[in-house]
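Enquirer: predicted model and sequence below, questions to follow.
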Amino acid sequence: MIVMKRYFLLILIAAALGSCEKHFLQVPSTTGTTTIQTVFSTTVNANAAIAAAYSNGLVQGLPYSGLDHGTIAALSGEFSWGYNWHMTYKIINTGLNANGQSDDDFNGTYSYIRQAYLIYENIGRVKDMDAATKANVQGEMLALVAYRYMGMFIRYGGVPIVSKSLSSSDSLLIPRASLQATEDTITSLCDRAASLLPDTWPPQYAGRITKGVAYAIKARTLMYAARPLFNSTSPVLNLGSNNKLICFGSADQSRWQDAIDASNTVITWASSHGYQLINTGGGTNTPDANAFADYGTATSTPGNIETILAYKNDNPSSGITKYFTMSKVYYTVGDGYDMDNYGMETNFLENYYKADGTNQVWPGVGVSNALPATDYFTKMNEMEPRFKADNMWHAGDALNNPGDQGWNAANCDRGVNQAGSAGHGDANSVKFHYLSGSRIWFEFPLFRMAEFYLNLAEAYNEMGNSAQALVNLNLVHNRAGLPSITETDQTILRGIIQREWAIEYYNENQRLFLVKHWKLPDIAGGLIGGPRREFQFTTNGQNVEVPANLLTYYDQVVFNAYWSPKMYLEPIPQSEINKRILVQNPGY
């Protein structure tokens, strides 16, 4: 792990290097020579710049990066909409627009790309750093650039390509590249990065980017290139002569094979360097008897052998840190700050299996379908291990920290929905905190091994190879403690694989993009847009964290979320469009 807090003042210097223009197309500063010489004069100073590049580069899509007061989970239909002053609430009510309502910081991305390029170009100046380490650092910076471009590729389609830190003598009239050119840029960056990166780092630098991370970025990019939103003969909305920015113009099966090859590369590398899907209690086609602990470890334990890369930030002076602690909880239940209005919606709860692999039967919509609250507790206890590891149901303790008073229901400030209210949902997320106890911070997982097996399951199914699809799907499904899937019909299996993605990657910033790139037919019917449902409770008016005080519960539509086909892609900020260089995505 790169320790950031020791170098806070130096980080500010390095960050200034990367952010000397407020917007990407403005003329960059030409007065930074002395600062560059200072930052790259010693390894200590250079490490501070590297730490800042990591912090800024990998925060893409996390709450600090464009979506203040909220999480992507709320936009994806996993969580409720938050409070009426939250960005998630506004987007769910009125949709994305080009004036700042986005989950991404487009302008900031180019500042961070420039920051990484400055390090790439100047690391050779450091006199007390050996040549091998300098090459490794260059690989890290190329991977960070690729990571940022990957995020933009998924959100916007083709984007402007910058291949170095721009100076005042460079032309800034850079249009959007085609979708194909953007994909090619990312994969090329990944290949270059992999050629420079180490397979492992010394223990004191654990958590830094390795060859495997470069392979992972490439694999995720190629999966999104293969999915229907881009891999089609025509775009979801017509952009006329600019369709190449948002669509490949062909539905090419070979893109699925490219994705298979890339994911297999990740898995092959991982198997040789200590990374694996954690399954300590099962064999081939056998449910993992230790599923609760194994999945909890994979998603929560810092430095575990399933997580190839996590977002790390231990700088207490940074505005980013508060989003990754229990005390400022956008990602778990703690002291009641904001997260109490981000409960899980019934629409998403229905994805989970019971522990025996069958479907749970929840109450219907409306008070006439109300059931005793005891039924709620019984059914929650019947759910699969991933649900129990990730969620804390109403009036129940967090099972992922058993016996810990800090995770006791009585010590949580939550509440329940009553009489048409929304926000508290059906349960609250405690993901990322398995056995964390009093540790208030966590490391958000950016790449876990399960992703690459699900990539293979999805891609093999699209290639018509159900046998290989099932092998890879069941590696993840069995690890969850569930019996093997045997379905071979391509359409039905596609839905089962998509369901597995939903459960395994709950609250890990995957679902919003997966649902859109799959172009699911019910995307406006309750997945993202349309009626969103949450459980309603009747109580005796006493403390709702005491089970006996909950009397009945039923399901209810509590709001209707906005959806428009334009939201398959996100808007380029209007401030950039006004410069008449970039083409806006259709509908904005």
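Expert: That came through fine.
Enquirer: let me know the secondary structure of Tyr554.
Expert: Assigned by DSSP: H, G, I helix; E, B strand; the rest coil, the conformation of Tyr554 is strand.
Enquirer: surely it and Trp362 touch.
Expert: No: under the criterion of C-beta atoms under 8 Å, Tyr554 is not in contact with Trp362, lying 9.4 Å apart. C-beta: built from backbone N, CA, C; applies to glycine.
Enquirer: okay, and the common contacts of those two?
Expert: With contacts taken as C-beta atoms under 8 Å, 6 or more residues apart in numbering, Tyr554 and Trp362 have no neighbour in common.
Enquirer: which residues are contacting stretch 178-198?
Expert: When contacts are defined by C-beta under 8 Å, 6+ apart, stretch 178-198 is touched by residues 135-136, 138-140, 142-143, 145-146, 149-150, 152-153, 157-159, 161, 177, 209-211, 213-215, 217-218, 221-222, 225, 230, 244-248.
Enquirer: do that again at 6 Å, thanks
Expert: 135-136, 138-139, 142-143, 145-146, 149-150, 153, 157-159, 161, 210-211, 214, 217-218, 221, 225, 230, 244, 248 (C-beta atoms under 6 Å, 6 or more residues apart in numbering).
Enquirer: tell me the buried residues in that stretch?
Expert: Of the residues in stretch 178-198, those buried by neighbour count under the rule 16 or more other C-beta atoms under 10 Å are 178-179, 182-183, 185-187, 189-190, 192-194, 196-198.
Enquirer: okay, and which of these map to helices?
Expert: Counting by DSSP state H, the part of the buried residues of stretch 178-198 found in helices is Leu179, Thr182, Glu183, Thr185, Ile186, Thr187, Leu189, Cys190, Arg192, Ala193, Ala194, Leu196.
Enquirer: out of these, flag the one nearest to Gly587.
Expert: Distances from Gly587 to those, taken as C-beta to C-beta, are shortest for Leu179 (17.2 Å).
Enquirer: which residues of this protein score low on pLDDT?
Expert: Scanning the chain for pLDDT under 70 picks out the ranges 1-34, 64-65, 313-340.
Enquirer: give me the nearest residue to Asp426, chain neighbours excluded.
Expert: By the measure of C-beta to C-beta, 6 or more residues apart in numbering, the closest residue to Asp426 outside its immediate chain neighbours is Phe535, 4.6 Å from it.
Enquirer: helix, strand or coil for the one you found?
Expert: In three-state terms, and counting by three-state DSSP, Phe535 is strand.
Enquirer: I figured it hits Gly425, correct?
Expert: No: the criterion here is C-beta atoms under 6 Å, and Phe535 misses it with Gly425 at 7.2 Å.
Enquirer: which one of those two is surrounded by more residues?
Expert: For Phe535 versus Gly425, neighbours defined as other C-beta atoms under 10 Å are more numerous around Gly425 (30 against 26).
Enquirer: any idea how far the more buried one lies from Gln536?
Expert: As judged by C-beta to C-beta, to the nearest Å, Gly425 and Gln536 stand 11 Å apart.
Enquirer: going along the chain, name the helices of the stretch 451-588 of the chain.
Expert: Using DSSP state H, counting those that start in this stretch, the helices assigned to the stretch 451-588 of the chain run over residues 466-479, 490-504, 511-518, 574-577.
Enquirer: on that earlier part again, now, which of the buried residues of stretch 178-198 sits nearest Asn549?
Expert: Proximity of the buried residues of stretch 178-198 to Asn549, judged by C-beta to C-beta, is greatest for Ile186, which lies at 53.1 Å.
Enquirer: chain center to the host helix or strand of Asn45: distance?
Expert: In this assignment (DSSP states H and E), Asn45 forms part of helix 43-57. In this view, helix 43-57 has its centroid 23 Å away from the chain centroid, taken as C-alpha atoms, centre = their mean, to the nearest Å.
Enquirer: show me the residue at the heart of this protein, geometrically.
Expert: Central residue check for the chain by C-alpha atoms, centre = their mean: the C-alpha nearest the mean position is that of Asn509, 2.5 Å away.
Enquirer: pretty sure that residue sits against Leu62.
Expert: No: using C-beta under 6 Å, Asn509 and Leu62 do not qualify as a contacting pair, with a distance of 7.3 Å.
Enquirer: so Ser368 sits in a helix?
Expert: Yes: membership of Ser368 in a helix is supported by three-state DSSP.
Enquirer: can you give me the distance of it to Tyr554?
Expert: According to C-beta to C-beta, Ser368 and Tyr554 sit 8 Å apart.
Enquirer: the two - which one has more neighbours?
Expert: Taking other C-beta under 10 Å, Ser368 and Tyr554 do not tie; Tyr554 has more neighbours (19 against 8).
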